[in-house]
Structure formats: structure tokens, C-alpha cells
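Novice: just to be clear, the model below is a prediction. Sequence and coordinates:
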There are 2 protein chains.
Amino acid sequence: MPLPPFAADLTGFDLLLSVARLGSVGRAAAEHRISQPAASARLRELERRVGLTLLHRTPRGSTLTGTGALVADWARSAVDAADALAAGLAALRATHESRLTVAASQTVAEYLLPAWLVALRAAHPGLAVTLQAANSADVAAAVLAGQVELGFVEGPDLPAGLHAEVVATDRLTVVVAPAHPWARRRRAVTAAELAEAPMVSREAGSGTRRAFDQALGGLVAAAPMVELSSTTAIKHAVAAGSGPAVLSSLAVTAELTAGTLVAVPAAVPLQRRLQAVWRAADQLIGPARDLYAIARRT
Amino acid sequence: MPLPPFAADLTGFDLLLSVARLGSVGRAAAEHRISQPAASARLRELERRVGLTLLHRTPRGSTLTGTGALVADWARSAVDAADALAAGLAALRATHESRLTVAASQTVAEYLLPAWLVALRAAHPGLAVTLQAANSADVAAAVLAGQVELGFVEGPDLPAGLHAEVVATDRLTVVVAPAHPWARRRRAVTAAELAEAPMVSREAGSGTRRAFDQALGGLVAAAPMVELSSTTAIKHAVAAGSGPAVLSSLAVTAELTAGTLVAVPAAVPLQRRLQAVWRAADQLIGPARDLYAIARRT
DNA sequence: GTAGAGGCATAACCCAAGGTTATGACCTCA
DNA sequence: TGAGGTCATAACCTTGGGTTATGCCTCTAC
């Protein structure tokens, strides 16, 4: 389960990407603020560890070999993911005197915001972003109170005084363990069936749970089998066979691909809008406006 | 441009994920084959570096704090990406006596295969996969010659003797730099316009180029402005303003989000099928069959 | 043809991060 | 109250990765 040692440290791959872009080990070294021999040694070590020749070194520069180019492309996604992680951490850590303050609901903070922050940083290098992650209601309250300039929430119920714009649509997915009877269903489960089934669900008041309750129309959902406060915990519980759950499709793509969870077709409109919100009295300006534009573009 | 130091080394985050899953620092240490004090020190160092408290340590185990859970979720995607990189590298490096041999065209090898390999490894721990990355024609030839059990190719033209099944549909996207006149277009560009415009394109014979030529119907495309052999090089050329290009939408999502490239609506059916191919005489069995199933599920 | 510039490799040296084992302090539970 | 689990601290060691100095190669320009 732990990451193999040669993949855990991305600096070598990061350096490889710089070499690919700049065409020489020396220039890549300069970009990373290390000496040329250090870069050279690092790249050699990387090749030794992965057991492949990645670079074509010549007295006039270095270029990627064929497999090197493929590896570089794979490495790029890993480095990008690490970069998104770094952007999120920087936003969490930033002090409150910084320029842009944002609050986001769990789904947005978890799955969408990191990429947005990376894009925002491209437009505003050096901008410090402060992020509050909370549930939709708290996000709305923080925006209304002026603690944050911009918020991202799920679901339709919003307090007055807020201006909201839909930035994306999130589809909810019914998931079960592969061994669950529903896993083999071809006919969509009905609202009634969903209402009857005890589910693994988030706590009452979460955006995901509210969206599900609404999707049932007039029906009232059975008491949940378990209530858990994190998406990850729910996924594990479902995979272990606890019962069905309703989760954002953003949250389960990896598990569906890996086959640890199975999506069940459902005959109810499991959609919800992800909205950007700000005070109706204010105008979005500067970085907040740009972040909103980035979010819309997704 | 280089990755910040605290994000380059993922081992700390990987360890954090183990703690989250197992509930104690000691058990996480065991999973990573290091001593408990080493793990403890590493986690403390991680918290120091990111400047956040991630763990709630108690005499009966350790759990994530609120921000810890959010960070863990972000970290998971970074670790997963690194894991996909590792799976790809392992497949490239594997010796030829290993059990499963696969060949894939560039688009598949770059964007889809790593995730599939991760899923495959979940089903077959320890399985060694050998990967050949080549263009569609060479992949087909390798399958036909029996050098590889399973191939993934783009486009419709296949030699006789191969069995093919569509595993995914890939949409091609016309992209330009934000400053390009087409970037502001609301009306779709026509096939005639696309045929006339000198493009930045892959070399003749690549799957992407063939698909584009076919999409023009009877029209014959203008000579390309530049021919480049890697997707990355094309993206840079387009972003620098060289002209339009037609690329797999898988290849440009990040750039579209970041705004360095802009998608142009097109009035031609820019779709192509990604197909799994194997020898018509053979039956897919074992890991090859599972990899095919995983690919279909995507 | 030769000098110079740019590029990578090697050598010698140094430092610190991170590993280990041994041990202690703390809490819970039978 | 003692046993068994947890995490923290201490003392020590190894090694990966950094630095500067230098050499060799190849292409280009005069």
C-alpha cells in the first residue's frame, strides 16, 4: 500500500520536466536553484531508480528519449496533483491579512478548489488565499457576515442578502459494494426503493444529504444505517458492505474505475447545483472575480 | 515553477493517509516498514512544514483533525497520481518473461493507461505488466505478431486478423491561444475553415492526425504550419500563438481550466473510438481479460 | 585551425535529514 | 494495580544530496 520509494519523491521528476522544457540540465538546475552537478547527479539517480534511460545527453544539451517523453507526461500529472495539494495547503495556512478570502463546502473544497487555486495562481503569482472549509450553511453565513469575499456552496437553500451564480452541476451517484444485490441491477432503482433502504450517509445538514432528501420528492427517507462525517469514511463503509450510499460523482470516480464500488442506476434526478455566492450588496472585484471566472469555466 | 519543497516529497502525506486509515501512528509505521519513532518524527516534521495541525494524538490512537481530513483528501489525489506514475514505470521496466504484455497508442498510454494499471494491480498484486508505447499502426502490428497480448489503438483502420472492441470514445478539440481570433468565436468553425487553416499538428500517420483528416469529409487539409511529434510540444506551440491545433480533449483539460488554451466550437464530428484489439484467433484470458474489463468500465 | 563558449561528468568534501534501538510517560481496562 | 496499548524523547549512525573545483567534449566563429 505505501508508495514505492522512487515515486514518493517527485523532485527528480520535477527536475526532469524542467530539463524537457528548457533543453539542458544546467538551465533546469538554475530553475531549481541548485548547482549543475547536483542536478546531474539527481537525474542519474532517478534513471537508476526507475531502471530506464530517460535523457539523451549531448554536449549541446539534453533531450528526452522516447520512453523519457512518456514518463515525463505521466510525471506531469503527478506533479500537477502535488502542485494542487501545495496550493490548497498554502490557502489553508495563509494569514488573515492576505488579500483573498474564500469559504467552500466540503465537496468543492475537496475535489474542485485545488485545481482552481492552481489556475488562479497562474494569473496572480504570489497572491495569498485564505480558505475556510465548512458545510454549506456555515459558508453562506461566513459570506453574509463579510468574513470571506466569496463562497462556494451546494444546494438551493440560501439566506437572503446573497447573490448566487451556478458554476457547475454535480451529479450524485448511488453506490454499493460489488457484492450488494443492487450491483447487478439493470433496472434503475426507484425513489421509493431509495427511500426505504437504510443508507450510509453524511450527517443531517450536509449539502449532499439535503440534496438527496429533496430528490426523493415527497417521500421521507428511512433512518440512516450509519452516519459518518467524511466522504472517505462513507466510501470505506460502503465498500465493506454496509449498504448503499449517495455521493457526489466527483468523489467516486476512482473507486468506480478500480471496481471497489459499483454505481447503481437511479430513476430520480440526483443533480445539484454548485453555486458561487457573495454579498448581494457587493461587486466581485480583483482576485475574487478571477476565481469566480475560473470556477465557471470548469 | 519548481514544486515547493514540502509538496515534493509525498512520503509524509502517504504516511498521513495510513494513519487516517489505520487509526494509529504505530500501525502506520508498521505498514511503511519503519519504526514507530521514525513515523512519529516524520509526521511532526510534516505538520511543521505545512504549518498546520493535522493529527489529534491521544494515548489510544491518533485521528485526523478537521483540516487534517481535508488535507488528507487532497493528498490522496496526489498520492494516487504518483501511484499511477509508479504503475506505469513498473510496466515499462518489467522484463519480458512477465505475465501480461500490452501495447498502447500515445493518447491511451499517456492519459488512460496509468489509472487502468493501478486498478489492475488492485486485482492482481504482484503482476508484472510490460508496456510498449507506439503509434496505432505499430500497436496493431505488435498484436498481430503475437508480441503483445492486448493492444489499445485509436481510429478505425485495422489490419485483418484482429478482433476489436470499442472501450471509450475520445472527443477531439480544436484549441487556440487566448489571443487568437477564433478564441472569441461563438459560431462553430466549419469543416472548410478547418481545412484551410494551417495547423500545428502531429506527424502524418498519427491516430490524432488521421482522425482529423477523416473528420473533414472530402476536404483536404492545408499543409500543417508545423509538425511536432509530442502532444506537449504542440500545446506549447499553440499557447505561444502558432495557430490552431486539434488534440484529444483528454490532453487539454488542464490547459482549458488554466486558460492557457481556449477551445473553439467546431461544426464537424471530431470523435474517434479508442479500441482494444487482440488476435481474432485468440481468446482473452487472465490479466489481459481483466485489463480489458477495466478499460471498458472507464 | 584554433580559441572560446556552452554543456555534462567526476572528484573531494560536508552537512543534515531521517533512520535505528532503548526507554519513558501516559491512559485505559480487566 | 499491573498489563498492554499509545506516543514522545534521547543518543547514535548512515547516507543521500548539496557544494566548489576541474576536466573533457563538441560546435561555432574568426
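Specialist: Everything's here; your move.
Novice: what's the neighbour count on A:Val220?
Specialist: 8 (other CB atoms under 10 Å in any protein chain shown). To be clear about C-beta, it is placed using only N, CA and C from the backbone, and glycine gets the same treatment.
Novice: check contacts around it.
Specialist: A:Ala195 (CB atoms under 8 Å, 6 or more residues apart in numbering or on different chains).
Novice: the one 3 residues further on too?
Specialist: Neighbour list for A:Ala223: A:Pro198 [criterion: CB under 8 Å, 6+ apart].
Novice: helix/strand/coil for A:Thr63?
Specialist: The local conformation at A:Thr63, judged by DSSP: H, G, I helix; E, B strand; the rest coil, is strand.
Novice: distance of it from A:Val50?
Specialist: 18 Å (CB to CB, to the nearest Å).
Novice: next: A:Ala188.
Specialist: Distance from A:Ala188 to A:Val50, by CB to CB: 46 Å.
Novice: check A:Pro37 too.
Specialist: 21 Å.
Novice: more neighbours, the two?
Specialist: Taking other CB under 10 Å, A:Pro37 and A:Val50 do not tie; A:Val50 has more neighbours (23 against 11).
Novice: list the contacts of that one.
Specialist: A:Val50 neighbours (CB under 8 Å, 6+ apart): A:Phe6, A:Val71, B:Leu89, B:Leu92, B:Arg93.
Novice: which element is the first one on?
Specialist: The one in question is A:Phe6. helix A:5-8 (DSSP states H and E).
Novice: alpha carbons of the helix or strand hosting A:Arg44, as CSV, please.
Specialist: If you go by DSSP H and E, A:Arg44 is part of helix A:36-50. Only the C-alpha atoms of helix A:36-50 are listed here, as CSV (Å, rounded to 0.1, in the frame of the first residue of the first chain):
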residue,chain,number,x,y,z
GLN,A,36,24.5,21.8,-12.2
PRO,A,37,26.4,18.8,-10.8
ALA,A,38,23.6,18.3,-8.2
ALA,A,39,21.0,18.3,-10.9
SER,A,40,23.1,15.9,-13.0
ALA,A,41,23.5,13.5,-10.1
ARG,A,42,19.8,13.7,-9.2
LEU,A,43,18.8,12.8,-12.7
ARG,A,44,21.3,10.0,-12.9
GLU,A,45,19.9,8.7,-9.6
LEU,A,46,16.4,8.9,-11.0
GLU,A,47,17.3,6.9,-14.0
ARG,A,48,19.0,4.3,-11.8
ARG,A,49,15.9,4.0,-9.6
VAL,A,50,13.4,3.6,-12.3
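Novice: returning to what we had before: does the helix holding A:Phe6 reach DNA strand D?
Specialist: No. Helix A:5-8 is not in contact with DNA strand D by CB under 7 Å from any atom of the strand; minimum separation 9.4 Å.
Novice: packing partners of whichever helix or strand comes after that helix?
Specialist: Beyond helix A:5-8 on the C-terminal side, the first helix or strand identified by DSSP H and E is helix A:11-22. The contact analysis (3 or more CB pairs under 8 Å, 6 or more residues apart in numbering or on different chains; DSSP states H and E) places helix A:11-22 against helix A:25-31, helix A:36-50, strand A:61-64, helix A:66-93.
Novice: who wins for proximity to B:Ala177 among those?
Specialist: B:Ala177 sits nearest to helix A:66-93 of all those, at 19.9 Å, using CB to CB.
Novice: how far out from the middle of the chain is the closest one?
Specialist: Distance of helix A:66-93 from the chain centroid (CA atoms, centre = their mean, to the nearest Å) equals 13 Å.
Novice: just to revisit the earlier point, what is the nearest of the contacts of A:Val50 to B:Ala119?
Specialist: Here the nearest of the contacts of A:Val50 to B:Ala119, counting by CB to CB, is B:Leu89; it sits at 16.5 Å.
Novice: so that closest one sits against A:Val71, correct?
Specialist: Yes. Under the criterion of CB atoms under 8 Å, B:Leu89 makes contact with A:Val71 at 6.6 Å.
Novice: overlap in contacts of these two?
Specialist: In contact with both B:Leu89 and A:Val71: A:Val50, A:Leu52, using CB under 8 Å, 6+ apart.
Novice: just the strands from the stretch 101-250 of chain A, written as ranges.
Specialist: Along the stretch 101-250 of chain A, the segments classed as strands by DSSP state E, counting those that start in this stretch run A:129-133, A:150-154, A:162-176, A:200-201, A:226-227, A:245-248.
Novice: ok, which of those strands comes nearest chain B?
Specialist: strand A:129-133 (5.1 Å; CB to the nearest CB).
Novice: which among the strands of the stretch 101-250 of chain A is found nearest to B:Leu100?
Specialist: Using CB to CB, the strands of the stretch 101-250 of chain A put strand A:162-176 closest to B:Leu100, at 28.7 Å.
Novice: got the contact list for the nearest residue to A:Ala39 once chain neighbours are set aside?
Specialist: Leaving aside its chain neighbours, A:Ala39 sits nearest to A:Ala29 (3.5 Å; criterion: CB to CB, 6 or more residues apart in numbering or on different chains). Residues near A:Ala29 by CB under 8 Å, 6+ apart: A:Leu15, A:Ser35, A:Gln36, A:Ala38, A:Ala39, A:Ser40.
Novice: of those residues, grab the buried ones for PyMOL.
Specialist: The PyMOL selection below is limited to those of those classed as buried (16 or more other CB atoms under 10 Å in any protein chain shown):
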select buried, chain A and resi 15+39+40
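Novice: can I get the contacts of A:Ala29 in JSON lines with pLDDT and distance to B:Ala263?
Specialist: Below are those laid out as JSON lines (pLDDT from 0 to 100; distance: CB to CB, whole Å):
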{"residue": "A:Leu15", "pLDDT": "89", "distance to B:Ala263": "32"}
{"residue": "A:Ser35", "pLDDT": "84", "distance to B:Ala263": "42"}
{"residue": "A:Gln36", "pLDDT": "85", "distance to B:Ala263": "40"}
{"residue": "A:Ala38", "pLDDT": "88", "distance to B:Ala263": "41"}
{"residue": "A:Ala39", "pLDDT": "87", "distance to B:Ala263": "36"}
{"residue": "A:Ser40", "pLDDT": "87", "distance to B:Ala263": "40"}
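Novice: show me which pair in the contacts of A:Ala29 is furthest apart.
Specialist: Using CB to CB, the contacts of A:Ala29 span at most 12.5 Å, a distance reached by A:Leu15 and A:Ser35.
Novice: tell me how many other residues crowd the residue in the stretch 101-250 of chain A positioned nearest to DNA strand D.
Specialist: Going by CB to the nearest atom of the strand, DNA strand D is nearest to A:Ala233 of the stretch 101-250 of chain A, at 17.9 Å. A:Ala233 sits with 16 neighbouring residues when counted by other CB under 10 Å.
Novice: residues from the stretch 151-298 of chain A in reach of chain B?
Specialist: With CB under 8 Å from any CB of the partner chain as the criterion, the stretch 151-298 of chain A meets chain B at residues A:230-232, A:236, A:254, A:256-260, A:294, A:297-298.
Novice: which among those end up buried?
Specialist: Judged by 16+ other CB under 10 Å, buried ones among these: A:Ser230, A:Thr231, A:Thr232, A:His236, A:Ala254, A:Leu256, A:Thr257, A:Ala258, A:Gly259, A:Thr260, A:Ile294.
Novice: what's the closest of these to A:Thr130?
Specialist: Using CB to CB, A:Ile294 comes nearest to A:Thr130 of those, at 17.0 Å.
Novice: state the mean pLDDT of stretch A:273-292.
Specialist: For stretch A:273-292, the mean pLDDT works out to 84.
Novice: list the buried residues in it.
Specialist: In stretch A:273-292, counting by 16+ other CB under 10 Å, buried: A:273-279, A:284, A:287-288, A:290-292.
Novice: in strands, which of those appear?
Specialist: A:Arg273, A:Leu274, A:Gln275, A:Ala276, A:Val277, A:Trp278, A:Arg279 (DSSP state E).
Novice: please list the residues of chain A that sit near DNA strand D.
Specialist: Counting by CB under 7 Å from any atom of the strand, the residues of chain A close to DNA strand D are A:9, A:11, A:33-35, A:37-38, A:41-42, A:45, A:58-60.
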